[in-house]
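**Student:** Just the structure for this:
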Amino acid sequence: MTSEGNASSKAALEKADRYLLKSHKEDCKTTEDRLIINNAPVQNSARGGEESSTDTSMFCQSVEEDAKQRAEKRKERVQKGKAIKKEGNAFFNSGDYELALECFAAALKETPWDMTLHTNKALVGGSQWVIGRWFLQSFCAGNGSQM
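**Tutor:** A predicted model of the protein is given here:
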């Protein structure tokens, strides 16, 4: 770029800046400041002072209560999941694979972390496939192939 090009580009930039300031001057006026960060004074901050022992103990107490509630809910879910799993096992042993599959799926909704339920559900699907294949083979080898 030549020195003449530099001068003309500077002039163009200045002209554009003047135009923008002139044309958008009214749009850029701030009429009211609505930004409110925090009007309350800071108390017991980690930097400004010592933490109150009551605040800490209340926090710890609320965490303990929450942990107890979660443990109770989990215990209830585990018991419910085990009961449904037991029903599913009974259906599986009796050969009612569809009901067994429904029970295992319902138990998984209660306790999705129980890997035995995933295994049982897979076994039901595998058993249905094996029985269906056996039925198809016996049908084709027996009377069905003569049709």
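**Student:** how much space is there between L99 and A67?
**Tutor:** 37 Å (C-beta to C-beta, to the nearest Å). Yep, even glycine has a C-beta here, placed from its N, CA and C like the rest.
**Student:** With neighbour numbers in mind, choose between these two.
**Tutor:** When L99 is set against A67 and neighbours are counted by other C-beta atoms under 10 Å, the residue ahead is L99, at 15 against 10.
**Student:** now the more buried one, what's its secondary structure?
**Tutor:** helix (DSSP: H, G, I helix; E, B strand; the rest coil).
**Student:** what's near enough to touch it?
**Tutor:** Taking C-beta atoms under 8 Å, 6 or more residues apart in numbering, we find L99 in contact with 88, 91.
**Student:** now with 10 Å?
**Tutor:** Residues counted as contacts of L99 (C-beta atoms under 10 Å, 6 or more residues apart in numbering) are 87-88, 90-92, 124.
**Student:** Just the buried subset of those, please.
**Tutor:** Using 16 or more other C-beta atoms under 10 Å as the burial test, the contacts of L99 include 87-88, 91-92, 124 as buried.
**Student:** Output those residues as a markdown table; include the columns distance to D17, pLDDT and secondary structure.
**Tutor:** Formatted as a markdown table, the buried ones among the contacts of L99 follow (distance: C-beta to C-beta, whole Å; pLDDT from 0 to 100; DSSP: H, G, I helix; E, B strand; the rest coil):
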| residue | distance to D17 | pLDDT | secondary structure |
| --- | --- | --- | --- |
| E87 | 78 | 94 | helix |
| G88 | 76 | 93 | helix |
| F91 | 80 | 92 | helix |
| F92 | 80 | 88 | helix |
| V124 | 75 | 86 | helix |
